[in-house]
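>>> From the sequence below, what's the structure:
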Amino acid sequence: MAIQLRKGQNINLTKDAPSLVHTLVGLGWDARGTDGADFDLDASCFLLGASGKCRDDRDMVYYQPKFLAHFEGAVKHNGDNKTGAGEGDDESIKVDLSKVSAAVEKIVFVVSIYDAVTRKQNFGMVNNAYIRLVNEDTGEEVCRADLSEDFSIETSVCFAELYRYNGEWKFKIVAQGYQAGLEKFVVDYGLEVE
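As a prediction, the model looks like this:
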């Protein structure tokens, strides 16, 4: 049975899921209601070094075709879902822990609403938002956090972090929202907005 986490809580994956190598980070949500415009949420992740920054733009993995897979082979985005329709994960990102470079100390998972300002959309219009970590080799859901009640006017959210601490992998629920788009994270993590 999956461990339920709340904002600020973490799990020691090395101790609680020692066989974990191939992970799937699943993210899901449902649009509560819109004025007819599609509700397009996008999952992205950033691979950060000791400085808390990306080494270069190849350390960002997101829905654009040239950025779907990390250049070192450790992280792969499974593609853009532009409507959030259907059951289960709306978007997911796979992480092979055995391939994460020693230079990477943290992988940050964020979700942003595409074109939120123009479409007048925010996370207050989203229900059933969650993030879950799955052991891909066994299909077992290791942990999950439901995030629906934490947001109102935010247009992007840092959902979670997968990080190393004293040689062990940990997964922390951040659940921090911002009134900003994906560009905020791009700049914060040392990259340039194109």
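>>> got the buried residues for the longest helix seen in the chain?
Across the chain, the longest stretch assigned as helix under DSSP state H is helix 182-188. Applying a neighbour-count criterion of 16 or more other C-beta atoms under 10 Å, one finds 182, 184, 185, 186, 188 buried in helix 182-188. For every residue, glycine as well, the C-beta is placed using N, CA and C.
>>> farthest-separated two in these?
182 and 188 (10.7 Å; C-beta to C-beta).
>>> okay, the residue most central in space within the chain: pLDDT?
Closest residue to the average C-alpha location of the chain: residue 109 at 2.6 Å, with C-alpha atoms, centre = their mean. pLDDT, residue 109: 96.
>>> which ones are touching it?
By C-beta atoms under 8 Å, 6 or more residues apart in numbering, the contact set of residue 109 is 25, 27, 43, 44, 45, 93, 131, 158, 159, 160, 161, 162.
>>> got a winner among the residues you listed for most neighbours?
Neighbour count (other C-beta atoms under 10 Å) singles out residue 43 as the most crowded of the contacts of residue 109, with 28 neighbours.
>>> tell me which element that one is part of?
Using DSSP states H and E, the element containing residue 43 is strand 41-48.
>>> next one: that strand to chain centre, how far?
Put simply, strand 41-48 sits 5 Å off its chain's centre (C-alpha atoms, centre = their mean, to the nearest Å).
>>> name the helices or strands packed onto that strand?
When contacts are defined as 3 or more C-beta pairs under 8 Å, 6 or more residues apart in numbering; DSSP states H and E, strand 41-48 sits against strand 22-31, strand 60-61, strand 75-77, strand 91-96, strand 106-113, helix 182-188.
>>> Now tabulate the contacts of residue 109 in JSON lines and tack on distance to residue 117 and pLDDT.
Output for the contacts of residue 109, formatted as JSON lines (distance: C-beta to C-beta, whole Å; pLDDT from 0 to 100):
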{"residue": "25", "distance to residue 117": "27", "pLDDT": "95"}
{"residue": "27", "distance to residue 117": "22", "pLDDT": "89"}
{"residue": "43", "distance to residue 117": "20", "pLDDT": "91"}
{"residue": "44", "distance to residue 117": "18", "pLDDT": "95"}
{"residue": "45", "distance to residue 117": "23", "pLDDT": "96"}
{"residue": "93", "distance to residue 117": "25", "pLDDT": "96"}
{"residue": "131", "distance to residue 117": "24", "pLDDT": "92"}
{"residue": "158", "distance to residue 117": "19", "pLDDT": "93"}
{"residue": "159", "distance to residue 117": "21", "pLDDT": "93"}
{"residue": "160", "distance to residue 117": "25", "pLDDT": "95"}
{"residue": "161", "distance to residue 117": "27", "pLDDT": "97"}
{"residue": "162", "distance to residue 117": "30", "pLDDT": "97"}
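>>> for those residues, which one is nearest residue 100?
Of all the contacts of residue 109, residue 162 has the smallest distance to residue 100: 8.7 Å, by C-beta to C-beta.
>>> give me every residue that touches the nearest residue to the closest one once chain neighbours are set aside.
Take residue 162 and drop its neighbours on the chain: the residue closest to it by C-beta to C-beta, 6 or more residues apart in numbering is residue 107, 4.5 Å away. Counting by C-beta under 8 Å, 6+ apart, residue 107 makes contact with 45, 46, 47, 48, 75, 95, 100, 161, 162, 163.
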